[in-house]
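> 3D, please:
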Amino acid sequence: MRSGDAEKVAEIDSASFNARMPNPWTGVGNPYTRTEVIERLRDTLAKGEPIIAAGAGTGISAKFIEKGGADLIIIYNSGRYRMMGHGSIAGMMGYGDANAVAMEIGEFEVLPVVKEIPVICGVHCTDPRRRMWHWLQKVKDMGFSGMNNFPTHSIIDGDFRQQLEETGMGTDKEVETVALSRKMDIFSIVYVASPAEAKAMAEAGADVIIAHVGCTVGGSIGVTDAAMSLDDAAVATQAIIDAGNSVRKDVIYLSHGGPILTPANAAFINEKTDASGFVGASSLERMAVEESLTNLTKEFKSIPVKRS
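Predicted coordinates:
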């Protein structure tokens, strides 16, 4: 085959790959196009069901989160720390390369075991060592079906937040990366912690906005006094939704964090706000492990034994 012919075949194969989603090689599963992910979420809402996205730090978590019916799985570095027994806030610290950790979890643990639902990659958008257009292409090539802005600097405040902003590592970099993902036709589901951030993300083209109201309470490594009330969480969530809606009406909104720990809590937020669902990370993955392992171990410990 002449070199020119080989180049034409390569172009055809590339075009075929980009046009035939989901996975053109297996016919099922990741990666999905941005349009396909949005259509799946809209179909869920059309059925009268909430959208449930779940953070996963291990393959076994992802496998059974999918079995439970989640609509999306999101992978980011905090999931690994969480499943190592540390607080999710560890993901905000300089304990490792957040982007590399998320990619590794996806490649070797989650993508190989998730059969059908979209898997989203957490991207540390403010990492000054990476060219975000290049990294987003790697995310796409790995077989992820979208991006999420985590670790997110939106949940940092005070002097440190100001210093990050002044030195080029603030949330504006997250907004720029989301705008870039829109140009690259990559689905985006993003955390924001304020109405101003919601407006900026809506303007950038975010597909789903998550109202982040703080680190999750409860369990052995959840926050205690650093959380707002459930009523305040509803007010904060709706303020974020109203701000985003002032820019665009086609964004989907989900709740997350703080006192929103249980299905009943998430239902309360859905009832009191215009949120269409919930993103569970610690509340799903960590709490399920803490409770089930504790209770199951206690049951085994209580079995009878014959005395000699």
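> need the strands for the stretch 51-200 of the chain, in chain order.
In the stretch 51-200 of the chain, strands defined by DSSP state E, counting those that start in this stretch lie at 51-55, 72-75, 119-122, 147-148, 189-192, listed in chain order.
> out of the ones you listed, nearest to Ala243?
strand 189-192 (8.7 Å; CB to CB). From N, CA and C alone the C-beta is placed, and that goes for glycine too.
> quick one: contacts of that closest one?
Applying CB atoms under 8 Å, 6 or more residues apart in numbering, the contact partners of strand 189-192 are 53, 72, 74, 120, 146-150, 152, 154-155, 174, 178, 198, 200-201, 206-212, 240, 244, 254, 256.
> quick one: strands adjacent to it?
If you go by DSSP bridges, strand 189-192 pairs up with strand 208-212 (parallel).
> what's downstream of the partner strand, the next helix or strand?
Per DSSP states H and E, the first helix or strand lying C-terminal to strand 208-212 is helix 230-245.
> quick check: mean pLDDT of that following helix?
Averaged across helix 230-245, pLDDT comes to 97.
> same check on stretch 198-207?
98.
> low-confidence ranges, the stretch 151-300 of the chain, go.
217-226 (pLDDT under 70).
> again, 80 this time
Counting by pLDDT under 80, the ranges of the stretch 151-300 of the chain that qualify are 215-227, 282-283, 286-287.
> report the buried residues of stretch 107-115.
Glu109, Val110, Leu111, Val114 (16 or more other CB atoms under 10 Å).
> ramachandran angles for the last one?
The phi and psi values for Val114, taken as degrees, to the nearest 10, are phi -80, psi 130.
> Asn30 is in contact with that one, correct?
Yes - if you go by CB atoms under 8 Å, Val114 and Asn30 touch, sitting 6.9 Å apart.
> okay, Arg82: pLDDT?
pLDDT for Arg82: 87.
> start the count at 41 instead of 1 going forward.
Sure, I'll start counting at 41 from here, so that last one is Arg122.
> contacting residues around it?
Gly95, Gly97, Ser128, Ile261, Ala321, Ser322, Glu325, Arg326.
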